[in-house]
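Participant: build the 3D model from these lines:
(2 chains)
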Amino acid sequence: MDLGWLNVARANALVLFILFCVLVLTNISRARRGGNLFIRRIAGLNAIDEAVGRATELGKKVLYVPGIMSIDENQTIASLAVLGHVARMTARYNTELDVPNKDPLTFAAARETVREAYIQEGRPDLYNEGLVHYVTYDQFAFTASVSGQMVREKPAANFLIGCFYAESLLLAETGQSTGAIQIAGTAEVAQLPFFVCACDYTLIGEELYAAGAYLSRDPAQLGSIKGQDITKAVVGLYIVVATALLVVGSTLLKRILTIE
Amino acid sequence: MRFLKLQLPLLLTALAGLIPIVAFFASPNAVQVQWTKDRLEKYMIIIASFALMLGVINVVQSNVKKIERRQKGWHYGAFLLAGLISMAVVGILGAINVGPFQGIGFRPDGSRTPFQWGAEFVFNPLQATMFSLLAFFMASAAFRAFRARNVEATILLIAAGVVMLGRIPLGESILGGRPYLSHFTDWLMNWPNAAAQRGIIIGAALGAASLSLRVIVGIERSFLGIEKTD
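Facilitator: Numbers count the residues shown, from 1 in each chain, chains lettered A, B, ... in the order given. Next comes the predicted model:
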């Protein structure tokens, strides 16, 4: 069905989208006004300080892989937020940082993120173009290069945060074999078990997306997490009620959320 | 300066984020909206190709520097540059049909061009070698994960054992041809496993939507190297 500019078949999705936006934006506004927001402890993000600290003590480098996808992937944007934090720490402690990239757009964005982090920490002298470098666009050639780097240079801390596919286990196991402390994070459900097996800490799904807000402690960003959590509770309740109704033979709630 | 470094990128990001959302809810007959969305996707490809050039320049610069300074592992850099230059040369000569380099695939007589030869007999086997390492890494990761250290690890060990046996003919033959293990495997995969996976997927989807909204309204600026809002 078509109603001028609006695709009426997706009107239900539009209503949900507006509802979600209202919830998130209301909580952002509340947070900006100084509302009290609690965000649970995320072990993987708290361990970043420990990992960089260990690299500093050992005088070894920190390796940060921001996934293999481009900047249009949300996981990559979330990863860049963590990279900014890690880069600020490496700048503060004068620890060597190495960021190999597979995607050229991610490479350009990661370079900008690291440069800004070094400037903000007041250490532009420590920044050089070699910190963030491009490797190749091929998935397994990239994996071979980064694995080789892990074995030869033995970084003290490996961060594998972003969107990963088949290379996740290759990188995580290689890093594990070198004895590095490893912090991973992805929202790719198929890759999560590999990271959980081979890494010390893993950011699972939504924890990765919340990382930027968690690390920055920016009230506006934390407010959006609160809005997201309220939506999650609503979705959970909807699933329970819809399932109960389906059991008694009513498909009303199921039909309401069916999107073309 | 602030406009160029902050406001303009945020404005462009908001526009680039809003256009696909509007296109999703717009009628397929709203041709202007769909045209804008298609154009945006094409621009993305063009920008990515420029960024790829930046990447190639960076690879050449960093490896040349490494070779000049005889840094640790410099010979890997030399090997990389040799591969990059040789494939680029045969690819470009093939693209403009110079001498024996006719095309980058197969010649009209069915023989391989040098570019195709390099891709088929050097590049593909190297790729396959890396991918096949996955099987060995899976075994080592499984060995470490499936140790009965506590209750949760023991449950994981038993579930993994059942699923592995349920997926292979040996599992069925152990029970005299009765498919109990494969049925139990299907139940494990379709119910407890699917429920846990969907929980993660729903949480991640809402997280991604929330992050997108933060980026569109300009609160999340980490991709510009800025941690906090003003």
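Participant: ok, now which ones touch A:T143?
Facilitator: Counting by Cβ atoms under 8 Å, 6 or more residues apart in numbering or on different chains, A:T143 touches A:167, A:170-171, B:130. Using the backbone N, CA and C atoms, a C-beta is placed for each residue, glycine as well.
Participant: repeat that for 10 Å
Facilitator: A:65, A:68, A:102, A:135-136, A:164-168, A:170-171, A:174, B:127, B:130-131, B:133-134 (Cβ atoms under 10 Å, 6 or more residues apart in numbering or on different chains).
Participant: give me the neighbour count for residue 102.
Facilitator: No chain specified, so I'll use chain A. For A:K102, the neighbour count with other Cβ atoms under 10 Å in any protein chain shown is 26.
Participant: ah, no, chain B please
Facilitator: Once other Cβ under 10 Å is used to define contacts, B:Q102 is seen to have 19 neighbours.
Participant: let me see the contact set for the closest residue to B:R107 other than its chain neighbours.
Facilitator: In space, and not counting its chain neighbours, B:R107 is closest to B:T113: 6.0 Å by Cβ to Cβ, 6 or more residues apart in numbering or on different chains. Applying Cβ under 10 Å, 6+ apart to B:T113 gives the contacts B:90-91, B:93-94, B:100-107, B:119.
Participant: please parse chain B into its domains.
Facilitator: B:1-61, B:72-133, B:146-217 (automatic domain parsing).
Participant: give me the buried positions along stretch A:19-29.
Facilitator: A:20-21, A:23-25, A:27-28 (16 or more other Cβ atoms under 10 Å in any protein chain shown).
Participant: got the contact list for it?
Facilitator: A:35, A:37, A:219-231, A:234-235, B:21, B:206, B:209-210, B:213-214, B:216-217, B:219, B:229.
Participant: ok so, going back, for chain B, state which of the buried residues of stretch A:19-29 is nearest.
Facilitator: A:V24 (5.4 Å; Cβ to the nearest Cβ).
Participant: what sits against the residue in the stretch 101-250 of chain A that chain B sits nearest to?
Facilitator: Closest to chain B within the stretch 101-250 of chain A is A:E116: 2.4 Å, counting by Cβ to the nearest Cβ. Residues near A:E116 by Cβ under 10 Å, 6+ apart: A:84, A:87-88, A:124, A:127, B:5, B:221-222, B:224-227.
Participant: would a markdown table of those residues with distance to B:A160 and secondary structure be doable?
Facilitator: A markdown table is the format used below for the contacts of A:E116 (distance: Cβ to Cβ, whole Å; DSSP: H, G, I helix; E, B strand; the rest coil):
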| residue | distance to B:A160 | secondary structure |
| --- | --- | --- |
| A:G84 | 38 | helix |
| A:A87 | 38 | helix |
| A:R88 | 40 | helix |
| A:P124 | 50 | helix |
| A:Y127 | 46 | coil |
| B:K5 | 51 | helix |
| B:R221 | 43 | coil |
| B:S222 | 38 | helix |
| B:L224 | 44 | helix |
| B:G225 | 43 | coil |
| B:I226 | 44 | coil |
| B:E227 | 41 | coil |
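Participant: where in the chain is pLDDT low?
Facilitator: Looking at chain A here, since you left the chain open. Applying pLDDT under 70 to chain A flags the ranges A:1-3, A:260.
Participant: please go with chain B instead
Facilitator: B:227-230.
Participant: closest point of it to chain A, which residue?
Facilitator: Taking Cβ to the nearest Cβ, chain B has B:G225 as its residue nearest chain A, at 2.4 Å.
Participant: A:L83 versus A:R40, what's the distance?
Facilitator: 23 Å (Cβ to Cβ, to the nearest Å).
Participant: so which residues of the chain form helices?
Facilitator: If you meant another chain, say so; for now it's chain A. Per DSSP state H, chain A carries helices over the ranges A:11-32, A:43-58, A:74-93, A:104-120, A:139-153, A:167-177, A:192-198, A:206-216, A:219-247, A:252-256.
Participant: right idea, wrong chain: chain B
Facilitator: According to DSSP H, the helices that chain B contains are B:2, B:8-25, B:31-68, B:74-95, B:114-118, B:124-145, B:151-166, B:169-174, B:180-188, B:194-216.
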